[in-house]
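[1] quick one, structure for this:
(one chain, ligands or ions: 2)
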Amino acid sequence: MKTVKGFASATVGNVACGFDVLGFAITEPGDEVTLTLLDERKKDCPVSIASITGDGGALPLDPKKNTSSFVVLKFLEYIRTHKGVDFSGHISLELKKNLPLSSGMGSSAASAAAALVAANELLGQPCTKMELVHFAIEGERVACGSAHADNAAPAILGNFVLIRSYTPLDLITIPPPKDLFCTLVHPHTELRTSFARSVLPRAIPLKTAIQQWGNVGALITGLLTSDYELIGRSLVDVVAEPKRAPLIPGFFDVKQAALDAGALGCSIAGSGPSLFAFSSSEKTAREAGNAMQQAFLSPKTNLDSDMWVSRICSEGAKIL
Ligand SMILES: Nc1ncnc2c1ncn2[C@@H]1O[C@H](COP(=O)(O)OP(=O)(O)OP(=O)(O)O)[C@@H](O)[C@H]1O
Ligand SMILES: N[C@@H](CCO)C(=O)O
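    Ligands and ions are numbered 1, 2, ... in the order given. Predicted coordinates for the structure are as follows:
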């Protein structure tokens, strides 16, 4: 009986201006998926979920509905049709859910990415990490109805990932500047990605688009040249943030608290309700996080929160 444990960390989608085209991974927290290879197939499905812990009973045990098992099913189908690997055994899956659900921290993608690296290892690495990204993206469709890649791709590949094109998928990995630190603050409230997407406009004025793609280009330049000041002034989102900010209690106060504490910039993490901030030192990143948590605790919002300070993860999903 062979057992493999995979790990994938939280990710931040959009990075302010890069709606659905830019995301990055942090080093912790993350989800863990343990896969055990059994000789005999149970029922007619090659994957079953033996246990899920840390989700308070919220997540589906149906292998076609949980992102972790769903993506393994897609992976098995792919290696049968494209790699000639006809898997006749059974995979039993245990999910240790460390990321909060509907948090904006790429929770559904982390489960999928951890399961995929474990499945790939279990079956002798038939796929590259780049191939695994395709299945992880399909997992996002199961989670929220939209196959966006800005959590799934960095969850597998690490670093910043820019999605130049979805069809065909063209991903560009961007290593982080040396002294860039991320503060992630998760207020204790949920916001479903599917709902946060439903409030967005279907079309945007050309003037708005011009502002947005100017910032995306500048942010990428800032990352590639380690120009922290440029990174900070490019963290501007005129498309999603104005529509989603009202869904996050105290958003503007929390963002201002981060900036006042010296952060380079601050915006919604993915679809929220978490916020992320960038700083050019760990000390400032911690001070920004403390200030953001205090702002969430103000009488107006009175929300407890969790905070993580991390460098950008350059490793991606891994075997533990
Ligand atoms: N393994 C899983 N982990 C988390 N959510 C899952 C998982 N499998 C299925 N889901 C479903 O996905 C939904 C949560 O996804 P959602 O995209 O809202 O959260 P998120 O991943 O934290 O957000 P974001 O993509 O904004 O970072 C829930 O409805 C949940 O039932
Ligand atoms: N790009 C996605 C990320 C979800 O975490 C969105 O903003 O809906």
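
[2] element containing the closest residue to V185 other than its chain neighbours, please.
    Spatially, and ignoring its direct neighbours in sequence, V185 is nearest to M292 (4.5 Å; Cβ to Cβ, 6 or more residues apart in numbering). The way it works is simple: take the backbone N, C-alpha and C, and place the C-beta from them, glycine included. Per DSSP states H and E: M292 is located in helix 282-296.

[3] also V309?
    Judged by DSSP H and E, V309 forms part of strand 305-311.

[4] follow-up on the earlier one: list the contacts for the residue nearest to V185?
    T183, V185, V254, A257, A258, A261, C266, L275, A277, S305, M307 (Cβ atoms under 8 Å, 6 or more residues apart in numbering).

[5] out of these, grab the one that's most surrounded.
    Greatest neighbour count in these, by other Cβ atoms under 10 Å, goes to A277: 31 neighbours.

[6] what bridges to that residue?
    Beta-bridge partners for A277, by DSSP bridges, are T183, C266.

[7] in this structure it contacts G262, no?
    No. Under the criterion of Cβ atoms under 8 Å, A277 makes no contact with G262, lying 9.6 Å away.

[8] overlap in contacts of the two?
    Contact criterion Cβ under 8 Å, 6+ apart; residues shared by A277 and G262: A288.

[9] would you map the helices across the stretch 101-250 of the chain?
    107-122, 129-144, 152-157, 193-198, 206-225, 228-234, 241-244 (DSSP state H, counting those that start in this stretch).

[10] closest to ligand 2 out of those?
    Closest approach to ligand 2 among these is made by helix 193-198 (4.9 Å; Cβ to the nearest ligand atom).

[11] if you look at the closest one, does any of it touch ligand 2?
    Yes. Helix 193-198 comes into contact with ligand 2 (Cβ under 6 Å from any ligand atom), by way of T193, A196, R197.

[12] I156: neighbouring residues, count only.
    30.

[13] state the distance from the residue nearest to L169 when sequence neighbours are not counted to V71.
    In space, and not counting its chain neighbours, L169 is closest to H134: 6.6 Å by Cβ to Cβ, 6+ apart. Distance, H134 to V71, using Cβ to Cβ, to the nearest Å: 9 Å.

[14] so which of those two has more stuff around it?
    Under the neighbour definition other Cβ under 10 Å, H134 and V71 were set side by side, and V71 has more, 30 against 20.

[15] quick one: mean pLDDT for the strand holding V309?
    Averaging pLDDT along strand 305-311 gives 98.

[16] next one: stretch 194-207
    The model assigns stretch 194-207 a mean pLDDT of 97.

[17] okay, that stretch in PDB with CA atoms only?
    Extracted in PDB, the C-alpha atoms of stretch 194-207 (Å, rounded to 0.1, in the frame of the first residue of the first chain):
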ATOM      1  CA  SER A 194     -19.600  32.900  -7.300                       C
ATOM      2  CA  PHE A 195     -21.500  35.800  -5.600                       C
ATOM      3  CA  ALA A 196     -18.500  38.200  -5.700                       C
ATOM      4  CA  ARG A 197     -18.300  37.500  -9.500                       C
ATOM      5  CA  SER A 198     -22.000  38.100 -10.000                       C
ATOM      6  CA  VAL A 199     -21.700  41.800  -8.900                       C
ATOM      7  CA  LEU A 200     -19.100  42.600 -11.600                       C
ATOM      8  CA  PRO A 201     -20.000  44.500 -14.700                       C
ATOM      9  CA  ARG A 202     -20.200  42.500 -18.000                       C
ATOM     10  CA  ALA A 203     -18.600  45.400 -19.900                       C
ATOM     11  CA  ILE A 204     -16.400  48.300 -18.900                       C
ATOM     12  CA  PRO A 205     -15.800  51.700 -20.500                       C
ATOM     13  CA  LEU A 206     -12.700  52.000 -22.600                       C
ATOM     14  CA  LYS A 207     -11.400  54.800 -20.200                       C
END
